[in-house]
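In: Quick one, fold the following:
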Amino acid sequence: MIILGINDVGHHNSAASIVIDGQLVASIEEERISRIKMDNAYPHQAIAEALAIAGVTAEQVDVVALAGLSRWDQKPYVDTLFKYMAKVAKQEPDIKKFYWNQQPARLTRLFKQRQKPAGVLADKPTQTVEHHLAHAASAYYASPFADERVAVISLDGVGDFSWGSVWLGEHGKLQQIEYLPYLNSIGLLYSAVTIYLGFKATRHEGKVLGLAAFGNPEPLLSRLLAHTNQTDWANLFDARLARIALQFAKEVGQSALRELCDGLSKEDVAAGIQAYTEHLICAWIQLQAQQLGVNKLAVAGGVFANVKLNQRLLALPEIDNIYVHPNMGDGGLATGAAYEVYSRLQNGLTPKLQPHVYLGTEINRENALAALEKSGLAYSEPENLSYRVAELLAAGKVVARAAGKMEYGPRALGNRTVMASCQDKNINQWLNEKFARTEFMPFAPVIIEEQAHAYFPDWQADHVAARFMTLTYDASSVAQRNIPAAVHVDNTARPQVIRRVDNPAYYDIINDYYRLTGVASVINTSFNMHEEPIVRTAEEAIQAFQAAQLDALILDGFLITNVDANLFA
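Out: Now for the predicted structure:
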């Protein structure tokens with residue numbers, strides 16, 4: 001059975017996925033083709049590309065799975081929102097004004113029709129999957145927890161007028177436990193702080209996370225908790241915080257946030273919101289695990305892009321292991337919708353770990369060679385490419401790799417990656433300048449699995465989340481000595497633990513570097529210029545290589561070196 005999953009009604013990251021007989025075989029976000037970061041346009045191009053990657057035609061698709069409810073089906077969630085607004089409006093005149101101003105739109109929005117896919121797909125049987133159920137399905141069905149009871153949690157800014165949900169995953173099905181009302185969204189509060197600090201919401205929350213390590217969480221943590229009902233997540237925020245969540249990007253919300261942050265440095269504001277997020281969510285998930293009687297956790301939703309939060313969750317005494325869906329944001333909704341519809345039609349779907357994320361457009365020998373010939377760049381095809389690249393890295397050079405199928409999700413995991421030595425602490429400044437980026441967290445390292453425990457003592461072989469760079473670990477003295485550029489001021493790092501079975505060509509580079517230097521890790525950062533999506537095609541890889549003036553580029557099996565670089569100086 002072939003299911004086409006589509007994310008088409010979100011605020012960002014529209015996407016398409018193909019699930020065949022319960023297995024995810026292709027997925028791509030519209031942004032990678034349009035080159036518009038976090039593009040939310042209808043994913044016509046992504047649909048066509050996902051079908052091509054999967055090797056199927058539109059005619060062969062059995063069912064279309066749409067992530068997100070219709071306007072009519074959203075009505076109960078909208079009614080819940082307005083009921084909550086009416087309650088807190090008594091304390092906040094701005095909410096009362098918003099409540100009445102939105103009454104006409106509350107009705108007229110119901111008549112807006114949903115766009116359909118083109119051609120024969122418009123007539124295919126179609127099912128919709130609620131936003132948070134799609135997140136939950138992406139986490140549960142791709143997890144390694146096949147025969148276990150699993151707490152499945154989704155948390156994000158907002159989707160289908162809720163900001164989170166709780167499910168029990170068991171016997172290949174998801175049982176609904178709880179939905180979390182819109183106006184209590186910690187995700188939106190975090191985004192409000194992101195804007196307050198001068199960054200872009202939904203894009204730069206990671207900058208806030210990195211900045212937090214330089215600050216003191218008090219007094220903002222206490223100020224926020226004073227407006228929080230920690231024992232009742234259905235009424236988590238008081239009217240002041242609800243006002244921020246309701247209009248987090250507008251002056252109404254930002255003015256309330258400014259009062260709470262009065263007199264505080266940017267670092268302390270970042271530290272305060274990060275501590276608040278960790279404190280509340282960890283305590284709440286701990287309670288969920290206790291009530292459900294589980295020790296395994298599968299999560300998705302943009303809140304779980306917060307790698308420090310994920311480290312804290314794994315450390316909870318109730319939690320033995322955590323799976324974070326690699327495309328935890330809205331780009332993963334198409335996959336979750338496809339999984340959920342397949343499960344409905346087959347009366348369940350036993351979870352099976354999605355072993356890798358190489359599900360996108362492929363760079364192969366043929367298209368790499370064509371792009372090189374068109375560019376006029378000189379190139380070679382070394383017999384022992386991995387060792388040659390390891391020599392370059394050992395000489396302090398920066399090498400990009402664009403080969404094989406593009407990664408699914410926000411992390412570059414070897415196939416659209418830039419590599420460099422982790423030994424120069426200043427690299428976080430000069431390499432970010434090459435890509436016109438501003439970051440407060442150091443670059444993430446990739447490390448061969450055989451040495452992961454020596455560098456990160458809390459890592460265990462069954463921590464599959466670490467294969468996808470979705471949580472941080474405390475760094476050992478070995479890591480502090482060997483890869484100082486990848487260790488943050490709080491002594492954590494966000495590693496990708498690479499196994500040879502998952503990506504042999506990428507693994508061999510790191511392993512050869514280890515043999516040359518005694519260091520089992522190099523920097524791995526995404527191959528893209530600032531505010532651009534990760535490169536997809538061979539042509540885009542060449543353009544980014546030249547724009548960033550990197551030392552070398554691996555394009556499939558070819559090696560291109562910068563003629564201006566003294567490679568072994």
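
In: Assign the residue nearest to Asp551 when sequence neighbours are not counted to one of the three secondary structure states.
Out: Excluding its sequence neighbours, the residue lying closest to Asp551 (C-beta to C-beta, 6 or more residues apart in numbering) is Lys397, at 3.9 Å. Placement of C-beta: from N, CA and C, glycine included. Local secondary structure at Lys397 is given as coil here, using DSSP: H, G, I helix; E, B strand; the rest coil.

In: shouldn't Lys397 be in contact with Ala420?
Out: Yes - the pair Lys397 and Ala420 qualifies as a contact (C-beta atoms under 8 Å) at a distance of 7.5 Å.

In: The stretch 151-300 of the chain: helices as residue ranges?
Out: With DSSP state H, counting those that start in this stretch as the definition, the stretch 151-300 of the chain shows helices at residue ranges 186-196, 205-212, 220-225, 239-246, 251-260, 266-292.

In: Quick one: work out the angle between the second one and helix 186-196.
Out: Per axes from the mean of the first three to the mean of the last three C-alpha atoms, to 10 degrees, the angle that helix 205-212 makes with helix 186-196 is 80 degrees.

In: Equivalent analysis for the fourth one, please.
Out: For the pair helix 239-246 and helix 186-196, the angle between their directions (the same axes, to 10 degrees) equals 80 degrees.

In: Contacts for helix 239-246, please.
Out: Helix 239-246 is touched from outside by 84-85, 88-92, 94-95, 98, 182-185, 188-189, 192, 224, 227-228, 237, 252-254, 256-257, 260, with contacts defined as C-beta atoms under 8 Å, 6 or more residues apart in numbering.

In: Check the fifth one too.
Out: Applying C-beta under 8 Å, 6+ apart, the set of residues contacting helix 251-260 from outside is 94, 98, 192-193, 195-196, 220, 223-224, 227, 240, 243-248.

In: Quick check, pLDDT for Glu49.
Out: Turning to Glu49, the model gives it a pLDDT of 98.

In: isn't there a helix covering it?
Out: Yes - secondary structure assignment places Glu49 in a helix (three-state DSSP).

In: With adjacent residues omitted, what lies nearest to Trp284?
Out: Skipping the residues right next to it in sequence, Trp284 comes nearest to Trp233 by C-beta to C-beta, 6+ apart, at 6.2 Å.

In: list the contacts for the one you found?
Out: Listed by C-beta under 8 Å, 6+ apart, the contact partners of Trp233 are 178, 180, 184, 284.

In: low-scoring pLDDT stretches of this protein, where are they?
Out: Counting by pLDDT under 70, the chain shows low-confidence ranges at 563-569.

In: mind running it again at 50?
Out: Counting by pLDDT under 50, the ranges of the chain that qualify are 568-569.

In: what's the domain layout of it?
Out: What automatic domain parsing lists as the domains of the chain is 1-69+114-130+333-350, 75-107, 182-324, 359-561.

In: and Ala151, which of the ones you listed is closest to it?
Out: Within those, the stretch nearest Ala151 is domain 182-324; the backing value is 4.7 Å (C-beta to C-beta).

In: farthest-separated two in the contacts of Trp233?
Out: The most widely separated members of the contacts of Trp233, counting by C-beta to C-beta, are Glu178 and Asn184 (11.9 Å).

In: out of the two, which sits in the more crowded spot?
Out: When Glu178 and Asn184 are compared on other C-beta atoms under 10 Å, the one with more neighbours turns out to be Asn184, at 24 against 14.

In: Name the nearest residue to that one, ignoring sequence neighbours.
Out: Using C-beta to C-beta, 6+ apart, the nearest residue to Asn184 is Leu236, at 3.8 Å.

In: residues in contact with the one you found?
Out: 180, 184, 186, 228-230, 280.

In: Which of those residues ranks first by neighbour count?
Out: Most neighbours among the contacts of Leu236, by other C-beta under 10 Å: Ile186, with 27 neighbours.

In: what's near enough to touch that one?
Out: Per C-beta under 8 Å, 6+ apart, neighbours of Ile186: 155, 163, 236, 276-277, 280-281, 303.

In: before we move on, what about Tyr379?
Out: 372, 555, 558-560.

In: can you rerun that using 7 Å?
Out: Under the criterion of C-beta atoms under 7 Å, 6 or more residues apart in numbering, the contact list for Tyr379 reads 372, 558-560.

In: Give me the buried subset of the residues you listed.
Out: For those, a burial check counting by 16 or more other C-beta atoms under 10 Å picks out 372, 558-560.

In: So which of these are in helices?
Out: Residues of the buried ones among the contacts of Tyr379 located in helices (DSSP state H): Leu372.

In: quick one: the closest residue to Ile195 other than its chain neighbours from Pro104, how far?
Out: Excluding the flanking residues, the one nearest Ile195 by C-beta to C-beta, 6+ apart is Ala201, at 5.3 Å. The spacing between Ala201 and Pro104, counted by C-beta to C-beta, to the nearest Å, is 26 Å.

In: Who has more neighbours out of these two?
Out: Each of Ala201 and Pro104 has its neighbours counted (other C-beta under 10 Å); Ala201 has more, 19 against 9.

In: thought that one was touching Ser191?
Out: Yes - contact status for Ala201 versus Ser191: in contact at 3.9 Å, counting by C-beta atoms under 7 Å.

In: residues in contact with Val120?
Out: With contacts taken as C-beta under 7 Å, 6+ apart, Val120 has the following neighbours: 58-59.

In: Am I right that it is in a helix?
Out: Yes - counting by three-state DSSP, Val120 is found in a helix.

In: so how far is Ala137 from it?
Out: 26 Å.

In: The contacts of Leu236 in strands, which ones?
Out: When DSSP state E is applied, those are split such that Leu180 fall in strands.

In: so which of the contacts of Leu236 would you say is closest to Val208?
Out: Comparing the contacts of Leu236 against Val208 with C-beta to C-beta picks out Ile186 as the nearest, at 12.9 Å.

In: sec struct for Met419, please.
Out: Local secondary structure at Met419 is given as strand here, using three-state DSSP.

In: Restricting to C-alpha, output stretch 33-40 in PDB.
Out: Written as PDB, here are the backbone C-alpha positions of stretch 33-40 (Å, rounded to 0.1, in the frame of the first residue of the first chain):
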ATOM      1  CA  ILE A  33      13.300  22.900  -3.800                       C
ATOM      2  CA  SER A  34      12.000  26.500  -3.700                       C
ATOM      3  CA  ARG A  35      15.200  27.600  -1.800                       C
ATOM      4  CA  ILE A  36      12.900  29.700   0.500                       C
ATOM      5  CA  LYS A  37      13.700  28.900   4.100                       C
ATOM      6  CA  MET A  38      10.800  27.200   5.900                       C
ATOM      7  CA  ASP A  39       8.600  27.700   2.900                       C
ATOM      8  CA  ASN A  40       4.900  27.100   3.600                       C
END
